[in-house]
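Engineer: Return atomic coordinates for the entry below.
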Amino acid sequence: MKKTSLLKKYILEDDILVMPGAHDVLCARIIAKSGFKALTMGGFSVSAALLGQPDVSLLTLTEMADCYRRVADAVELPLFVDGDTGFGGVLNVRRTVREMEKAGVAGMFIEDQVFPKRCGHMAGKEVIAPQEMVAKVKAAVDTRVDPDFIIMARTDALAVNGLEDAVERGNLYRRAGADLIFVEAPTSVEQMKAITSGVDAPTLANNIEGGLSPLLSAAELQEIGYSAVVYPVAATFAMARSILDLMGEIKTTGTSRGFLDRMLDFGQFTRLVGLEDLRRIERRYDA
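Structural biologist: Next up is the predicted model:
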């Protein structure tokens, strides 16, 4: 089955779809080996990995698509990605969808923030007029070649205009053709329940450690009514914490010996990245 069709199937299943986030190919391969059915990549983690910068619209469409392409090529799982604001108006949205499909991802989302956007859990967001976003959603849906390629519409209106407007926008974007709706940054379980009951579409939850939303389990989110949940920055945050601790260990002691129980060794790592599989391929061609 195509990756796009798999992602669509998983979203529509009764059980919530859990998608951890990757910031590079190595992280994506670990997610795949851990038994998940799909994964995600977003502007926050990719900005951190490629630029060491926060998610404030510094990456271009082609930089993001190139990063997604390498991950989609490396793992068999469906990859669901961040298309930011579509990088402009409806014509830019059309190009964004074409580039993402060519990159081999299974779906993407666009959002209704004013460009330059910022991470949905940061202060100071602004949103465009709902009809402007409706036009973007329609352009995205009309442009996709594969009808199973998932188009999700995200609204950041909750923090700007309140819950009622966010729910209304979610329904508008669904009627415009979006397959999945994401109301970003609810601050309570009550708001989450109002979103899933008020939006007539499959909905996505976003688990951000230290963010504005309650950090709930997948089972709890499924009970609330969500169809999918992403953990877009957990791996990035864990990596940063681990490397900070490692560098502190080396700086203090002059060795990594005290950290060995918290890291893979050479042999474990080469097995993780498939060195022996490549050696077997080489041996097939030995003279």
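Engineer: so where's this protein shaky on pLDDT?
Structural biologist: Within the chain, the stretches with pLDDT under 70 are 287.
Engineer: longest helix in it, by residue count?
Structural biologist: In the chain, assigned by DSSP state H, the helix with the most residues is helix 234-253.
Engineer: tell me how far it is from the chain's mean position?
Structural biologist: Relative to its chain's centre, helix 234-253 lies at 24 Å (CA atoms, centre = their mean, to the nearest Å).
Engineer: ok, residues contacting it?
Structural biologist: Residues outside helix 234-253 that contact it (CB atoms under 8 Å, 6 or more residues apart in numbering): 20-23, 27, 30-31, 44-45, 48-49, 207, 209-210, 255-256, 258-259, 262-263. (C-beta placed from N, C-alpha, C; glycine too.)
Engineer: Select only the buried ones of those residues in ChimeraX?
Structural biologist: Restricted to buried positions by 16 or more other CB atoms under 10 Å, the ChimeraX selection for the contacts of helix 234-253 reads:
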select :20,21,22,23,27,30,31,44,45,48,49,207,259
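Engineer: how about the helices of the stretch 51-200 of the chain, start to end?
Structural biologist: Counting by DSSP state H, counting those that start in this stretch, the stretch 51-200 of the chain has helices at residues 61-74, 90-103, 130-143, 157-161, 163-175, 189-198.
Engineer: out of these, nearest to Gly120?
Structural biologist: Evaluated over these, closeness to Gly120 peaks at helix 157-161, with 7.9 Å, by CB to CB.
Engineer: Using PDB, write out every CA atom in that closest one.
Structural biologist: Output in PDB follows, covering the C-alpha atoms of helix 157-161 (Å, rounded to 0.1, in the frame of the first residue of the first chain):
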ATOM      1  CA  ALA A 157      -6.800  31.400  16.300                       C
ATOM      2  CA  LEU A 158      -7.400  30.000  19.800                       C
ATOM      3  CA  ALA A 159      -4.600  32.100  21.300                       C
ATOM      4  CA  VAL A 160      -5.500  35.100  19.200                       C
ATOM      5  CA  ASN A 161      -9.300  35.200  19.000                       C
END
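Engineer: Redo the helices of the stretch 51-200 of the chain as JSON lines? Include mean neighbour count and distance to Pro116.
Structural biologist: Below are these laid out as JSON lines (neighbours: other CB atoms under 10 Å; distance: least, CB to CB, whole Å):
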{"stretch": "helix 61-74", "mean neighbour count": "19", "distance to Pro116": "13"}
{"stretch": "helix 90-103", "mean neighbour count": "19", "distance to Pro116": "14"}
{"stretch": "helix 130-143", "mean neighbour count": "19", "distance to Pro116": "16"}
{"stretch": "helix 157-161", "mean neighbour count": "20", "distance to Pro116": "16"}
{"stretch": "helix 163-175", "mean neighbour count": "20", "distance to Pro116": "20"}
{"stretch": "helix 189-198", "mean neighbour count": "17", "distance to Pro116": "26"}
